[in-house]
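Participant: sequence first, predicted coordinates after that:
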Amino acid sequence: MLSTADSEPALCDQVEKRSYQIIHQNDRRIRFYIPGLGYEMEYANHLQEIILALHFVTEVHLNLHAHSLAVL
């Protein structure tokens, strides 16, 4: 798992680019709607791992039924 700030730009290259919508945000978290997220478990898990590798992220919650991902 990558954990340094220098490696973060490279993380973006590891995930397929898809459309998304911010459905909620506040000072502590942001929730994204990602179409099809609930049907592609491998993609969802990979995305979760990549986001968790960012130094400022403490938690990532997947809600596959709602096709959403929350970042804390």
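Facilitator: It's in. Residues are numbered from 1 along each chain as shown.
Participant: please enumerate the helices of the chain.
Facilitator: Under the criterion DSSP state H, the chain contains helices at 8-12, 41-52.
Participant: what about residue 71, distance to residue 52?
Facilitator: For residue 71, the distance to residue 52 equals 9 Å [CB to CB, to the nearest Å]. Yep, even glycine has a C-beta here, placed from its N, CA and C like the rest.
Participant: who touches both of those two?
Facilitator: 59, 60 (CB atoms under 8 Å, 6 or more residues apart in numbering).
Participant: of these two, who's got more company?
Facilitator: Applying other CB atoms under 10 Å to residue 71 and residue 52 shows that residue 71 carries more neighbours, namely 19 against 15.
Participant: ok, what's across the strand from that one?
Facilitator: Note on residue 71: beta-bridge partners by DSSP bridges are residue 30, residue 60.
Participant: where in this structure is pLDDT low?
Facilitator: Low-confidence segments of the chain (pLDDT under 70): 1-15.
Participant: I'd like the helices of the chain laid out as a markdown table, including distance to residue 23.
Facilitator: Shown next, in a markdown table, are these (distance: least, CB to CB, whole Å):
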| stretch | distance to residue 23 |
| --- | --- |
| helix 8-12 | 21 |
| helix 41-52 | 16 |
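Participant: nearest to residue 22, of those?
Facilitator: Closest approach to residue 22 among the helices of the chain (CB to CB): helix 41-52, 14.2 Å.
Participant: so who does the closest residue to residue 19 other than its chain neighbours touch?
Facilitator: With CB to CB, 6 or more residues apart in numbering as the criterion, residue 19 has its nearest non-adjacent residue at 6.4 Å, and that residue is residue 35. Neighbouring residues of residue 35 by CB under 8 Å, 6+ apart: 18, 19, 20, 67.
Participant: cheers, nothing more for now.
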